[in-house]
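with the sequence up front, the predicted model follows.
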Amino acid sequence: MTTADLVLTPRGIRFRGRSFPCSIGKGGRSTAKREGDGATPVGVHRIVGMLYRADRISAPTSWAIPIGPRDLWSDDSKDSRYNQLVTAPYTFSHERLRRADPLYDLVLLTDWNWPNAVPGKGSAIFLHQWRRPGYPTEGCVAFRRDHLRWIAERITPGTRLIIPEV
């Protein structure tokens, strides 16, 4: 591990010499992640992309991609595009990326079960804004808005997110 890694600790995520409070999945940590279990997968995951709401915030980096009004994320393991960015109209189960609330104003994408998704192994482990301190996610890692922005401005593609076993 290096200071350039995002490492989950009992105090939050450690990154670049700082510690950031965060929320993880309501199912805790899991070494056997499954779609819908609400768990955050244990392991080493890489940051592979960044999405942001250009109508709400400025791009944190030059490699961030704006979220369009039709952008969705497939969470249907029966779909050939499972755990991929897709666009509406879309008939399979999905999550809307352009939300009314601010949770996905800035999203860091991980390589969990991506790019070659195994059906049912779980989709969309993102780093995003939290609802409030301590409120669990569906498996993602969530932060206070300003902390997420600080992290996003300093990571690069390939930065490692390390979720150790408890």
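Cool, the structure landed. Numbers count the residues shown, from 1 in each chain.

rest of the way, CA atoms for contacts and neighbours
Noted.

what distance do you get for Asp146 to Tyr104?
Distance from Asp146 to Tyr104, counting by Cα to Cα, to the nearest Å: 13 Å.

equivalent analysis for Arg14, please.
22 Å.

list the buried ones in the helix or strand where Ile47 lies?
Under the criterion of DSSP states H and E, Ile47 resides in strand 43-52. Residues of strand 43-52 classed as buried by neighbour count (16 or more other Cα atoms under 10 Å): 43-52.

next one: stretch 136-156
For stretch 136-156, the buried set under the neighbour-count rule, 16+ other Cα under 10 Å, comprises 136-145, 147-149, 151-152, 155-156.

among those residues, which are in helices?
145, 147-149, 151-152 (DSSP state H).

pretty sure Asp71 contacts Pro89?
No. Because the distance of 9.5 Å does not satisfy Cα atoms under 8 Å, Asp71 is recorded as not touching Pro89.

between these two, which one's more packed in?
Taking neighbours as other Cα atoms under 10 Å, Asp71 and Pro89 compare with Asp71 leading, 19 against 9.

give me the number of residues near Gly28?
Neighbours of Gly28 under the rule other Cα under 10 Å: 18.

quick one, what contacts it?
38-40, 139 (Cα atoms under 8 Å, 6 or more residues apart in numbering).

give me the neighbour count for the nearest residue to Arg98 once chain neighbours are set aside.
Excluding the flanking residues, the one nearest Arg98 by Cα to Cα, 6 or more residues apart in numbering is Pro69, at 5.9 Å. Pro69 has 13 neighbours, counted by other Cα under 10 Å.

can you check Ala100 too?
Counted with other Cα under 10 Å, residues neighbouring Ala100 total 9.

so how far is Phe15 from it?
In terms of Cα to Cα, Ala100 sits 29 Å off from Phe15.

also Thr156?
From Thr156 to Phe15 the distance is 13 Å (Cα to Cα).

next: Phe126.
Distance from Phe126 to Phe15, by Cα to Cα: 16 Å.

what's the answer for Ser30, then?
From Ser30 across to Phe15, the span is 22 Å (Cα to Cα).

okay, Phe126 and Phe15: which has more neighbours?
Shown here are Phe126 and Phe15; by other Cα under 10 Å, Phe126 has more neighbours (23 against 19).
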